[in-house]
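Chemist: sequence? don't have it. structure:
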């Protein structure tokens, strides 16, 4: 199971009633954070989730509303007595940017490992989560991230019994290992059914809509996507500043065949995103307006 | 008249219910800000005061809780369409620190002028306010700031009449200029009474108590001072990290003969600063606990 929280739903500026867009994901004792604008640590504190287990911070791009809270957060993670290394993932130039910001957070009780992405897409395996970074179309280099938790097939007891392999070896096969017993090799696929549907989550901001997004978000259980503007007349501004309209996000959600769409990164000028909900649901019915500290659990299908 | 707002009252970390300590001062269309931690711009927005007229930002020292919000604020001031230059005052090294943080705020529509302070005290005259920076005793170089608005003496109409100087020249004398009329020079002191009491405000965090603070805060109408800890047993921690106890701040207020003391920069561990109020008022009766967006007007005496 993955549980997640949209820590904020705003773009550009932190507002008293709307924190900047950021996502916190917990899986199996590990915490991932995507983006860290000014105030993200305050939203985490409101939520009550721990700072210590933050193992990975993914940065979409280097605009201030997505990274300005990083030095403060790094210090707060240090105050939470973390000593294990922390991984920061982001576009090329990441280490330089983070070190420049760290002029006010020089001494930390843990190391930072940087993973800089240059390619169109980049797959990473982090703490049991398969992460895919994919390039977006913004005014500066920017990446979206998807997170997949794979699920093995079902263990077939009847098939296992037929192998005449002692029960104590079954667990190894179930884990995916091979077993040599007697003079015979037993492989995992002898007892395991086909891999079952896992969990997939995709996060995507700031960008114009692209085919690559639809491709990389394909079949996500949850697609969290920028919907900066709702009013049709803002399309010019969206194109100029390389942001996305709510209806464009809904069209992407439809194309990507996702289960559920959360819109976020609302313009400071948008006071009530909900007034556009009906319109967007005409395109993609399972759309929800993001709000600060909206939480959800993603579970394997029964 | 000066009006001012304590934007936050916390130290070390921004909390959901307590912003980091920062002070906003407005005088005659100009705005001064002292310190800018993570979330300061959000507190300004809650308050509703404008970003555009921020002419001077004073930084006490380079710990993150006093400066981490600066790049975001600079961008927000730019979004408020400021084009006039902005002055940033702080300890030596200021320009390097601010430029390092500006890696995420590179393009601004206004210039920044830096004033770096090295001396024990430094007097500056900014937009009609006499500012005095004075060195504190913290773990890194740190300055307190006092702000003085001087007040000329009363214009004496009877004395002016006796000069036999045409009325249109009186205003020049009142402004402090000399007037040459006929073959005689008239000086300001011929018509003006003794300078009257002005307005003085002193802001002081983070530091151990020192004689220089008492000296520089002398006769302030308002003394805003760090009171990081209330519990007597925290004195060791205060000394170690060079912070101030509430009762130490109250003793300084007494020594400096100030009118009113506001305590601020409370430790995140201190949930209710008010429980120490009675104790502190035993030392200095006119003590108030700072809280986010506490406002006050400082006026000339009637």
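Modeler: All right, it came through fine. Since this is a predicted model, take the numbers as computed values, not measurements.
Chemist: mind listing the strands for the stretch 1-150 of chain A?
Modeler: Across the stretch 1-150 of chain A, reading from the start of the chain, the strands by DSSP state E, counting those that start in this stretch fall at A:2-8, A:22-27, A:30-34, A:54-58, A:86-91, A:112-117, A:121-126, A:129-135, A:143-151.
Chemist: Starting from the first one, tell me which strands it pairs with and how they run.
Modeler: It refers to strand A:2-8. Within its sheet, strand A:2-8 is paired with strand A:22-27 (antiparallel), strand A:294-298 (antiparallel), according to DSSP bridges.
Chemist: now swap in the third one and tell me
Modeler: If you go by DSSP bridges, strand A:30-34 pairs up with strand A:22-27 (antiparallel), strand A:54-58 (parallel).
Chemist: Tabulate the ones you listed in JSON lines, adding columns for mean neighbour count and mean pLDDT.
Modeler: (C-beta placed from N, C-alpha, C; glycine too.) Shown next, in JSON lines, are these (neighbours: other Cβ atoms under 10 Å in any protein chain shown; pLDDT from 0 to 100):
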{"stretch": "strand A:22-27", "mean neighbour count": "22", "mean pLDDT": "98"}
{"stretch": "strand A:54-58", "mean neighbour count": "23", "mean pLDDT": "98"}
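Chemist: Quick check: which of the ones you listed is nearest to residue A:177?
Modeler: For residue A:177, the closest of these is strand A:22-27, at 22.6 Å, according to Cβ to Cβ.
Chemist: number of nearby residues for residue A:245?
Modeler: As a burial measure, residue A:245 scores 24 neighbours (other Cβ atoms under 10 Å in any protein chain shown).
Chemist: Contact partners for the residue of the stretch 201-302 of chain A found nearest chain B?
Modeler: Of all residues in the stretch 201-302 of chain A, residue A:268 sits closest to chain B, at 8.9 Å by Cβ to the nearest Cβ. Residues near residue A:268 by Cβ atoms under 8 Å, 6 or more residues apart in numbering or on different chains: A:10, A:11, A:12, A:13, A:15, A:18.
Chemist: now do residue A:247
Modeler: Here residue A:247 is in contact with A:232, A:279, A:280, A:283 (Cβ under 8 Å, 6+ apart).
Chemist: closest to residue A:183 among those?
Modeler: Closest to residue A:183 out of the contacts of residue A:247 is residue A:283 (61.4 Å), distances taken as Cβ to Cβ.
Chemist: Skip the chain neighbours and tell me the closest residue to the closest one.
Modeler: Once its chain neighbours are removed from consideration, residue A:283 has its nearest residue in residue A:250; the separation is 3.8 Å (Cβ to Cβ, 6 or more residues apart in numbering or on different chains).
Chemist: got it, and residue A:121?
Modeler: Of all residues not flanking residue A:121 in the chain, residue A:134 sits nearest, at 4.7 Å (Cβ to Cβ, 6+ apart).
Chemist: Around chain B, which positions in the stretch 51-200 of chain A sit nearby?
Modeler: Proximity of the stretch 51-200 of chain A to chain B (Cβ under 8 Å from any Cβ of the partner chain) is limited to residues A:62-65, A:67-69, A:71-72, A:75-76, A:79, A:96-97, A:100-101, A:103-105.
Chemist: Which ones among the residues you listed lie within helices?
Modeler: A:64, A:65, A:67, A:71, A:72, A:75, A:76, A:79, A:96, A:97, A:100, A:101 (DSSP state H).
Chemist: got the residues you listed as CSV, with neighbour count, distance to residue A:189 and pLDDT columns?
Modeler: Compiled in CSV, those are given as follows (neighbours: other Cβ atoms under 10 Å in any protein chain shown; distance: Cβ to Cβ, whole Å; pLDDT from 0 to 100):
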residue, neighbour count, distance to residue A:189, pLDDT
A:64, 23, 50, 98
A:65, 27, 48, 97
A:67, 29, 45, 98
A:71, 25, 49, 98
A:72, 28, 49, 98
A:75, 24, 49, 98
A:76, 26, 46, 98
A:79, 15, 48, 96
A:96, 13, 46, 98
A:97, 19, 46, 98
A:100, 15, 50, 98
A:101, 25, 49, 98
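Chemist: Which members of those are the farthest-apart pair?
Modeler: Across these, the two lying at the largest distance from each other (Cβ to Cβ) are A:79 and A:96, at 25.3 Å.
Chemist: Contacts only, for the residue nearest to residue A:121.
Modeler: Counting by Cβ under 8 Å, 6+ apart, residue A:134 touches A:120, A:121, A:143, A:144, A:145, A:146, A:212, A:213, A:215, A:216.
Chemist: now swap in residue A:177 and tell me
Modeler: Residues in contact with residue A:177 (Cβ under 8 Å, 6+ apart) are residue A:188.
Chemist: How about residue A:55?
Modeler: Neighbouring residues of residue A:55 by Cβ under 8 Å, 6+ apart: A:30, A:31, A:32, A:84, A:86, A:87, A:126, A:127.
Chemist: nearest spatial neighbour of the first one, skipping sequence neighbours?
Modeler: Right, residue A:30. When the adjacent residues along the chain are set aside, residue A:30 lies closest to residue A:127, with 4.2 Å between them (Cβ to Cβ, 6+ apart).
Chemist: Ramachandran angles for that neighbour?
Modeler: Dihedral angles of residue A:127 (phi, psi; degrees, to the nearest 10) stand at phi 50, psi 40.
Chemist: ditto for residue A:142
Modeler: When read as degrees, to the nearest 10, the backbone of residue A:142 gives phi -150, psi 140.
Chemist: Tell me how many other residues crowd it.
Modeler: By the other Cβ under 10 Å criterion, the neighbourhood of residue A:142 contains 22 residues.
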